[in-house]
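Undergrad: fold the following and give me the result.
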Amino acid sequence: MTTPTDVAGLEPQAIMQMSRAGLDELFRKSPSGPVPVGRARGTAIVLPGSALDGVVAGLIRALVWKGKVFSPETGDLRNLIGPLGWHLIRARVYEDQSWFASGRAIILDYSRTSFVARKIRDEIRLVRPGLYLGQVYWGKSRIALFMLEFPQ
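TA: The predicted model follows:
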């Protein structure tokens, strides 16, 4: 089991094996990092630490959500949705105080950009270069986690 102190060599596979408590600690200890640029491969983390989480993540990626494309020049992103990865569901991107942990995080705010996802707020923090860990909120309730992998 990977611990948050092993972040220098932390790989996405190790994150997928972490418990919810381990992921929470990793998020707390990670910096906000810079606002990402470009396309990121997304992985949903719905059942942290469970043997089923990889299967669920694979199904979500194949059918529902593939990741995000960040555009810092416009201060927003588009999610890659559906089997073909259509650029849909826009969010504003900015840095602000985290709801989950002390300090700042990169906020992905759908409240003014999407009727479908207007109750969603994501927070991401940089785990290591090219790898962000995210929290998903529905209203004020934290409902899932995810990671974003950027090409290095």
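Undergrad: where do the helices sit along this structure?
TA: Along the chain, the stretches classed as helices by DSSP state H are 12-17, 20-29, 53-63.
Undergrad: center of this protein - which residue?
TA: Centroid check for the chain by C-alpha atoms, centre = their mean gives Gly134 as the closest residue, at 3.2 Å.
Undergrad: list the residues that contact that one.
TA: With C-beta atoms under 8 Å, 6 or more residues apart in numbering as the criterion, the residues that contact Gly134 are 108, 122-125, 145-148. Every C-beta, even on glycine, is put in place using the N, C-alpha and C of the backbone.
Undergrad: next: Pro83.
TA: Contact criterion C-beta under 8 Å, 6+ apart gives 62-63 as the residues in contact with Pro83.
Undergrad: before we move on, what about Glu95?
TA: With the criterion set at C-beta under 8 Å, 6+ apart, Glu95 makes contact with 32, 35, 104-107.
Undergrad: can you rerun that using 10 Å?
TA: The contact partners of Glu95, by C-beta atoms under 10 Å, 6 or more residues apart in numbering, come to 32-35, 104-107.
Undergrad: next: Ala144.
TA: With contact set as C-beta under 10 Å, 6+ apart, Ala144 has these partners: 44-48, 60, 122, 134-138.
Undergrad: among those residues, which lie within strands?
TA: Residues of those located in strands (DSSP state E): 44-45, 122, 134-138.
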